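Enquirer: Give me a model of this one.
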Amino acid sequence: MAAASEDRQPIVDRRERETSWHIGGGAIPLEQKVKFLLARRIWRTAWNCFKHPYSPQGREKFKRIVISVMQGKTEQSAEIARLFHDMIYAEHSRYELVPTQHVVQRQAWILNFLRDEPSVGGEFKKWIRKMLERYPEA
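Expert: Here you go, the predicted model:
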């Protein structure tokens, strides 16, 4: 506590404290950490759908995820859009030289979803294109 003023009210010296977290080697602000964790949560939830065979229940769950994902307008959302783009259009070379059985199964799963949900699937593809145009480096 600093010195008191003439009217005997204490003067408190408060300093802004910036909390940082570490993701991938460097310190980042808490706000970015929260955005990162939310984007990762969405992606992991979607990924969990692909662990099970395609079914009506899985399709409905994934539909809710897709609708939620399409609300995103940030760079983290663009990274998710890139992952789905690569999955839909079989651009494996970013991650693997030869597609594994899991990659092929995920692609078949999402293509079945797009076939069975043409209205949501069409909007999803438009959202992916828009995000990749806005953030081409994602």
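
Enquirer: longest helix in the chain, by residue count?
Expert: helix 30-50 (DSSP state H).

Enquirer: where along the protein do the strands fall?
Expert: Per DSSP state E, the chain carries strands over the ranges 20-23, 26-29.

Enquirer: Could you pull up the mean pLDDT of the last one?
Expert: This means strand 26-29. For strand 26-29, mean pLDDT rounds to 78.

Enquirer: Stretch 103-110 too?
Expert: 88.

Enquirer: Stretch 126-133 now?
Expert: Rounded mean pLDDT across stretch 126-133 is 95.

Enquirer: Work out the gap between that stretch and the centre of the chain.
Expert: 14 Å (CA atoms, centre = their mean, to the nearest Å).

Enquirer: which parts of it are buried?
Expert: 127-128, 131 (16 or more other CB atoms under 10 Å). (Each C-beta comes from the backbone N, C-alpha and C, glycine too.)
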